[in-house]
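[1] 3D model of this:
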Amino acid sequence: LYIPMVNNVMLVGCVIVVLLFQNSAHMEAAYGLAITLTMMCTTLLLFFYLHEERKLKVAPWIFAAFFLLLEGFFFVSSLTKFFHGGYFTILMAALIMGIMVCWYNGTAVEQRQFTLLPLRSYLPQLKRLRDDDRYERLSDNIVYLTKDTHTDYIDRDIVYSILDKHPKRARAWWFVNVETMDEPHTFAYSVETFGTDYVFRVHLYLGYKINQRVNAYLRQVVQDLAATGELPPQTHDYSVYKDPGNIGTFKFVLIRKLLAPESDVEPSERTAITLKYIIRRAAGTPARWYGLENSNVSFEYVPLFTKFKAVNKMQRLAPNERP
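    Below you'll find the predicted structure:
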């Protein structure tokens, strides 16, 4: 499984290790301690699996006691190598663990603010917006990528983006969720139309070996719906092609949550969110993850917390009066 960013990180890490240790003899201490810690972690993970998932009562304890005792002897003997290169293993493990903990804590704070709304309740407003000529049509199709897998519910921030932040008029709105499956070659989708021809809830089921080229896959979904008549023709008069087809333009709107300085949050929560967003910036843009580099993409920023610190009421002065 090839992930470019992971491959690049491994490249940099390998170069640093070679420059630090110079030769393989100096790496023996770090390697020995790493193997010992890996064996102990594997034993603990298997213990929790047998005890929590398989619901075995006695066997996991016997298994863990035997192997941890055996591996404990190796671990104690490897501790003498800590200052001879073993420290590098601990530092690398601490770095990776720190990134995981920061991401987990930041996500936990985000989930507290995550609100889902019933999509069917907003269908009448979306229908009126589609037919409202007072607003310029932003695009024939507006696409939002969603994290939630609930078919009948949608993130509140997406509904707010369409209706409240200058209504985004379109012929059709698409809410797309990408779900990575455990089977490597899964390549399927499902669509819920809610009995309309202007709101489509799309679930893409992609195996972990399938490139997530959302733009190309959504085009296939749109063509299938146009062929069955579930999506009305989106004809346009001007094109460089002799036959422009019956599918209109697309605009992808990606919502990014930001922590506003005036948000009323605890210092620990602010730190968790800040660290996660630093990691997120280093990981790249979602437009690249989902293969949208050549698409019409716009980023929309919304505050993570809607509760803000209270601000004292200002005193109004006369035009020539000074405080």
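[2] drop to CA atoms for contacts and neighbour counts, all remaining ones
    Fine.
[3] so which residues of the stretch 201-323 of the chain form strands?
    250-258, 297-303 (DSSP state E, counting those that start in this stretch).
[4] out of these, which one sits most buried?
    strand 250-258 (a mean of 17; mean count of other Cα atoms under 10 Å).
[5] contact partners of it?
    Strand 250-258 has contacts (Cα atoms under 8 Å, 6 or more residues apart in numbering) with 139-145, 157-158, 286, 295-304.
[6] can we see that at 6 Å?
    By Cα atoms under 6 Å, 6 or more residues apart in numbering, the surrounding residues in contact with strand 250-258 are 141-144, 296-304.
[7] of those residues, closest to Thr228?
    Proximity of the contacts of strand 250-258 to Thr228 (Cα to Cα) peaks at Asn141, which lies at 17.8 Å.
[8] check which residues of whichever strand or helix holds that closest one are buried.
    Per DSSP states H and E: Asn141 is located in strand 137-146. Of the residues in strand 137-146, Arg137, Ser139, Asp140, Asn141, Ile142, Val143, Tyr144, Leu145, Thr146 count as buried by neighbour count, 16 or more other Cα atoms under 10 Å.
[9] ok, now stretch 216-225?
    Per 16+ other Cα under 10 Å, stretch 216-225 contains these buried residues: Leu218, Val221.
[10] just stretch 237-247 next, same as before
    Neighbour-count burial for stretch 237-247 [16+ other Cα under 10 Å]: Ile247.
[11] any idea how far apart the tips of that stretch sit?
    12 Å (Cα to Cα, to the nearest Å).
[12] again, but for stretch 235-254
    In stretch 235-254, first residue to last residue: 26 Å (Cα to Cα).
[13] what do you get for stretch 129-140?
    In stretch 129-140, first residue to last residue: 13 Å (Cα to Cα).
[14] and what of stretch 115-131?
    Stretch 115-131: ends 28 Å apart by Cα to Cα.
[15] related to what we said a few turns ago, any chance of the contacts of strand 250-258 in TSV, plus pLDDT and distance to Asp133?
    Shown next, in TSV, are the contacts of strand 250-258 (pLDDT from 0 to 100; distance: Cα to Cα, whole Å):
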residue	pLDDT	distance to Asp133
Asn141	92	16
Ile142	93	17
Val143	93	21
Tyr144	93	22
Asn296	85	23
Val297	87	24
Ser298	85	23
Phe299	86	25
Glu300	84	24
Tyr301	81	27
Val302	76	27
Pro303	73	30
Leu304	71	32
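[16] skip the chain neighbours and tell me the closest residue to Ile273.
    Counting by Cα to Cα, 6 or more residues apart in numbering, Ile273 lies nearest to Gly106, which is 4.5 Å off, once chain neighbours are set aside.
[17] distance of that neighbour relative to Cys41?
    Taken as Cα to Cα, the span from Gly106 to Cys41 is 25 Å.
[18] so which of these two has more stuff around it?
    Gly106 (21 against 13; other Cα atoms under 10 Å).
[19] for the buried residues of strand 137-146, which one is nearest Leu45?
    The closest of the buried residues of strand 137-146, once distances to Leu45 are taken by Cα to Cα, is Thr146, at 32.1 Å.
[20] now for the closest one: which residues touch it?
    Taking Cα under 6 Å, 6+ apart as the criterion, Thr146 is in contact with Val176, Asn177.
[21] if we can go back for a sec, I'd like the contacts of strand 250-258 as CSV, with distance to Ala29 appended.
    Below are the contacts of strand 250-258 laid out as CSV (distance: Cα to Cα, whole Å):
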residue, distance to Ala29
Asn141, 59
Ile142, 56
Val143, 53
Tyr144, 51
Asn296, 52
Val297, 50
Ser298, 50
Phe299, 48
Glu300, 50
Tyr301, 48
Val302, 49
Pro303, 48
Leu304, 46
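[22] hang on, the earlier thing: columns distance to Tyr290 on top of the strands of the stretch 201-323 of the chain, output as CSV?
    As requested, those are exported to CSV (distance: least, Cα to Cα, whole Å):
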stretch, distance to Tyr290
strand 250-258, 11
strand 297-303, 11
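[23] I'd guessed Glu183 sits against Lys209; true?
    No - under the criterion of Cα atoms under 6 Å, Glu183 is not in contact with Lys209, lying 8.6 Å apart.
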